[in-house]
Every structure is written in structure tokens, then in C-alpha cells.
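Enquirer: all I have is the shape, not the residue letters:
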């Protein structure tokens, strides 16, 4: 089995999904990454940027940039927390709530395009294998982060 082929297929699938979502969301002034963040905010009113970052496994600067765009576009409000003025909670605006059904339809349609030629058993297997692959990468990345934190990374010589 050619491992490079798997990485290329995954990258290609990700790029095509981003491209399709980008075209579909353009009329809302949203990009695919902003949609994922907005979906989290709609699902969890009052959520913090840090929590979004952890849940979506995105770095904080990516979330911060997307939140600024969502606020500017009128989809999200940022409020200071009563107990801690440094912390902020994020809430969906009426505008974003009005488009929730359309956003969900776009995601559902994209998923149906991806699995179009698969039967139910293949869809279940596909989801299972994608989850396993994602979990494998997450474990590996956590291990690498731990090595770097302890300065015991095998490929980096410390002086």
C-alpha cells in the first residue's frame, strides 16, 4: 500500500470539500472555517474562543481571526463576562440564526455529494475509518507535543 497516496487522497478530499463549501457559502459572506466556528457558537451560546479552539482542534489565532470576521459580518456578538472582564462570551445574532437552516442544508448537501456512490454499509465503514485515522493522528500529535515540551524530540539535537 502506498502511504503517500493515502495522504494525497485525504488532502485532495479536504481541498475539494473546502472548495465546494466555499462556493456554496459565498452568498452568506462566509468561508468553510468560519462556518465550523459559527456552528459551534450557535450550538453553545456564550461559548468562549478558547473552548471553540479546543473543541475544533484549531489554534487560537485561527479562531480569533474567524471570530473577528464573523463579528464584522454581523453573525456574532462578543460580550464581556460579568465575573471576568478579560473573558468574552460569543453569541449568534438574529442574522446568523436566520441562516442556520440554509447553512445546515449546505453541509448536508456537501456530505451527500461525498458519499453519493456509497451504500449504507460503506458510509458506516467510511465514517469509522475516518474517525480511526483522525484518532491515530491526534494521539501521534499529542505524543510529539509532549516530546517537544520535554525537549526530548528525537530529531532535534539540543545544545
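Expert: Received, thanks. Keep in mind the model is a prediction, meaning the values are calculated, not measured. Numbers count the residues shown, from 1 in each chain.

Enquirer: so residue 115 sits against residue 126, correct?
Expert: Yes: Residue 115 lies in contact with residue 126 (Cβ atoms under 8 Å); the separation is 6.8 Å. Glycine gets a C-beta too; all of them are placed from N, C-alpha and C.

Enquirer: separation between residue 99 and residue 131?
Expert: Distance of residue 99 to residue 131, given as Cβ to Cβ, to the nearest Å: 29 Å.

Enquirer: so which of the two has more stuff around it?
Expert: Of the pair residue 99 and residue 131, residue 99 is the one with more neighbours under other Cβ atoms under 10 Å, namely 18 against 10.

Enquirer: shaky segments in the protein?
Expert: The chain contains residues with pLDDT under 70 at 1-3, 83-86, 151-159.

Enquirer: how does it look with 80?
Expert: The model of the chain has pLDDT under 80 over residues 1-4, 81-87, 148-159.

Enquirer: quick one: the strands in it?
Expert: Along the chain, counting by DSSP state E, strands occupy 76-80, 88-92.

Enquirer: centre of the chain to the biggest helix by length in the chain, how far?
Expert: Longest helix of the chain, by residue count under DSSP state H: helix 120-149. Relative to its chain's centre, helix 120-149 lies at 15 Å (Cα atoms, centre = their mean, to the nearest Å).

Enquirer: gap between residue 141 and residue 71?
Expert: To residue 71, residue 141 is 30 Å away according to Cβ to Cβ.

Enquirer: more crowded one of these two?
Expert: Neighbours were tallied for residue 141 and for residue 71 using other Cβ under 10 Å; the higher tally belongs to residue 71 (14 against 11).

Enquirer: I'd say that one and residue 91 touch.
Expert: No: taking Cβ under 8 Å as the definition, residue 71 is not a contact partner of residue 91, at 10.6 Å.

Enquirer: overlap of the contact sets of these two?
Expert: residue 77 (Cβ atoms under 8 Å, 6 or more residues apart in numbering).

Enquirer: mind listing what the residue nearest to residue 71 when sequence neighbours are not counted touches?
Expert: Distance criterion Cβ to Cβ, 6 or more residues apart in numbering; nearest residue to residue 71, sequence neighbours excluded, is residue 78 at 5.9 Å. By Cβ under 8 Å, 6+ apart, residue 78 lies in contact with 67, 71, 88, 89, 90.

Enquirer: roughly how far apart are the closest residue in space to the fourth one that isn't next to it in sequence and residue 66?
Expert: Of all residues not flanking residue 89 in the chain, residue 46 sits nearest, at 4.1 Å (Cβ to Cβ, 6+ apart). Counting by Cβ to Cβ, the gap from residue 46 to residue 66 is 18 Å.

Enquirer: alright, I will stop here.
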